[in-house]
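J.: Sequence and computational prediction follow.
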Amino acid sequence: MISPFPPLKGGIARFSNRLLPALSEAGCQVLPVPFRRLYPRWLLNGRTAADSSLPVDTGSTFSLDLVNPLTWITTAIALRRIKPDVLLVAYWTGLLAPLCTVLRTITGIRTLVLLHNFTSHERLPAENLLQRLLLFSADGFVTLSASVQRELDATGNRLPSISLFHPLYEPSSPGPHREVARQALGLSDREKVLLFFGYVRRYKGLDLLLDAMAAVLRSDPAIRLVVAGEFIGSERYYRDMAGRLGIAGSVDFRPGYVPADEVGQLFAAADAVVLPYRSATQSGVVPLAFGYRVPVIACDAGDLSSQVEHGVSGWIVDRPDAAALAEGILEFFRSGGPAGMKDGIETARKALSWQVFSERLVAFLERQARGGA
């Protein structure tokens, strides 16, 4: 299994780290092949690539560096000696397509690609070429959403594929009580708290949410927004925007990557998590929120409307628009807010089982190991 793993940061590493034991429990012998580095230091712009609160050791002797093609070759040669039945490669950006080509060419091993995204979130100049290269290099695909499966199908792909889902992230330990979490974060128990969580990129629509908050606060001044995550771009832009809109006093910016041991505090304090995404496939924030039993308010982008059931486990806004988002937030609270979503979230939690996911994935892997369609 070739993927980022902790202590590297991000949703792909978190997903793969949880998938490892699930595959083992389903009967696979899994050899993790972690990345040592994904991006050059200058591209990180001073940010750290690792989460020091997650000193996870996969036990792997591999040292794969996406920036250094020589490590692709040495890794491929080592895998050819080991002769696993299949390679399972995590994929979320076109930058990985050349790596998949090298691995498949040198090892001769059936290579299955786990598509978190088929098209990079920040579209690359040669995206179409890289997608064709990936199709040439793979023996099959696993997708995590119907929208990614549709993208794959639209290429005319004839390789075997299976469309699955993004399973639930259960907290590793019970989070603090709501009152304790809010006290620690300096939030009032009387406030209705919205949480924007994760990397801040343009496609995630924080600017739409800030615009929406200006309208929301005119109707309900008790609503507060917490923005917790690492800014990929200008943090100052969003702070200035909040100031221009006159909502700075109701927006709590907590910039920087949130260590794993602090995540529970943020979710325990929230009445809802907001995903104002302009575009998406699926989001790992949804199963993370449901893991903490927090409802989700999301724009209808990509496959988010299949992850969140409107009025049951959250609220779906029909378009990525500030006015529509403001109305959706207010409707969510008018409808009963988090108290009215408890049963729906429990149903969603059962449906997003890692056991179901891994059993279906393993059955697919076994068919492909035997050369099946």
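T.: Received the coordinates, thanks.

J.: Quick one: residues in contact with the helix or strand where Ile329 lies.
T.: For Ile329, the host element (DSSP states H and E) is helix 322-334. Residues outside helix 322-334 that contact it (C-beta atoms under 8 Å, 6 or more residues apart in numbering) are 192, 194, 208-209, 211-216, 219-220, 223, 271-272, 274, 276, 295, 297, 299, 314-318. Where you see a C-beta, it was placed from the backbone N, CA and C, and this is true even at glycine.

J.: Filter the residues you listed down to the buried ones.
T.: Buried by 16 or more other C-beta atoms under 10 Å: 192, 194, 208-209, 211-216, 223, 271-272, 274, 276, 295, 297, 299, 314-317, out of the contacts of helix 322-334.

J.: Just these: which are in strands?
T.: If you go by DSSP state E, the buried ones among the contacts of helix 322-334 have 192, 194, 223, 272, 274, 297, 299, 314-317 in strands.

J.: Show me which of the residues you listed is closest to Ser137.
T.: Nearest to Ser137 among these is Cys299, at 33.7 Å by C-beta to C-beta.

J.: Excluding chain neighbours, give the residue nearest to the closest one in space.
T.: Closest residue to Cys299 apart from its sequence neighbours, by C-beta to C-beta, 6 or more residues apart in numbering: Pro320 at 4.3 Å.

J.: give the contact list for the one you found.
T.: Residues near Pro320 by C-beta under 8 Å, 6+ apart: 205, 208, 276-279, 299-301.

J.: Farthest-apart pair in those, please.
T.: The most widely separated members of those are Leu208 and Asp300, with 13.0 Å between them, by C-beta to C-beta.

J.: Not including adjacent chain positions, what is the nearest residue to the spatially most central residue of the chain?
T.: Centroid check for the chain by C-alpha atoms, centre = their mean gives Gly284 as the closest residue, at 3.2 Å. Spatial nearest neighbour of Gly284, excluding adjacent residues (C-beta to C-beta, 6+ apart): Gly11 at 4.0 Å.

J.: repeat for Val263
T.: The shortest distance from Val263 to any residue other than its chain neighbours is 7.6 Å, reached at Leu288 (C-beta to C-beta, 6+ apart).

J.: Now that neighbour. Its backbone dihedrals?
T.: phi -70, psi -40 (degrees, to the nearest 10).

J.: Please look at it and Pro167 and confirm they touch.
T.: No - using C-beta atoms under 8 Å, Leu288 is not in contact with Pro167, being 10.8 Å away.

J.: So which bits of the helix holding Ile329 are buried?
T.: Neighbour counts over helix 322-334 (16+ other C-beta under 10 Å) mark 322, 324-330, 332-333 as buried.

J.: What is the nearest of those residues to Glu359?
T.: For the buried residues of helix 322-334, the closest approach to Glu359 (C-beta to C-beta) belongs to Phe332, at 34.5 Å.

J.: Retrieve the pLDDT associated with the closest one.
T.: Note on Phe332: pLDDT of 97.

J.: How about the one 10 residues further on?
T.: The pLDDT attached to Lys342 in the predicted structure is 94.

J.: For it, grab the count of nearby residues.
T.: Neighbourhood size, Lys342 [other C-beta atoms under 10 Å]: 13.

J.: gap between it and Gly336?
T.: Taking C-beta to C-beta, to the nearest Å as the measure, Lys342 falls 10 Å from Gly336.

J.: How about Ala215?
T.: Taking C-beta to C-beta, one finds Ala215 at 21 Å from Gly336.

J.: now do Ile297
T.: Here Ile297 is placed at a distance of 13 Å from Gly336 (C-beta to C-beta).

J.: still on that earlier bit, how about the backbone phi and psi for the residue nearest to Cys299?
T.: The phi/psi pair for Pro320 (degrees, to the nearest 10) is phi -80, psi 80.

J.: again, but for Tyr91
T.: When read as degrees, to the nearest 10, the backbone of Tyr91 gives phi -140, psi 130.

J.: List the beta-bridge partners for it.
T.: Leu115 (DSSP bridges).

J.: Tell me the confidence at it?
T.: For Tyr91, the pLDDT comes out at 96.

J.: dump the residue contacts of it.
T.: Tyr91 neighbours (C-beta under 8 Å, 6+ apart): 97, 100, 113-117, 134.

J.: I'd like those laid out as TSV, including pLDDT.
T.: Below are the contacts of Tyr91 laid out as TSV (pLDDT from 0 to 100):
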residue	pLDDT
Ala97	96
Cys100	97
Val113	98
Leu114	98
Leu115	96
His116	94
Asn117	92
Leu134	96
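
J.: Which one (most neighbours) among those residues?
T.: Val113 (28 neighbours).

J.: I'd assumed that one was in a strand, is it?
T.: Yes - looking at Val113 with DSSP: H, G, I helix; E, B strand; the rest coil, it is inside a strand.

J.: Would you confirm that it contacts Gly140?
T.: Yes - taking contacts as C-beta under 8 Å, Val113 lies within contact range of Gly140: 7.4 Å.

J.: joint contacts of those two?
T.: Shared contacts of Val113 and Gly140, defined by C-beta under 8 Å, 6+ apart, are absent.

J.: For this protein, which segments count as strands?
T.: 2-3, 33-37, 64-65, 86-91, 110-115, 140-143, 161-163, 192-197, 223-229, 251-255, 272-275, 296-299, 314-317.

J.: Mind putting those into CSV with distance to Ala184?
T.: Converted to CSV, the strands of the chain look like this (distance: least, C-beta to C-beta, whole Å):
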stretch, distance to Ala184
strand 2-3, 33
strand 33-37, 33
strand 64-65, 38
strand 86-91, 34
strand 110-115, 37
strand 140-143, 39
strand 161-163, 40
strand 192-197, 13
strand 223-229, 12
strand 251-255, 12
strand 272-275, 18
strand 296-299, 23
strand 314-317, 25
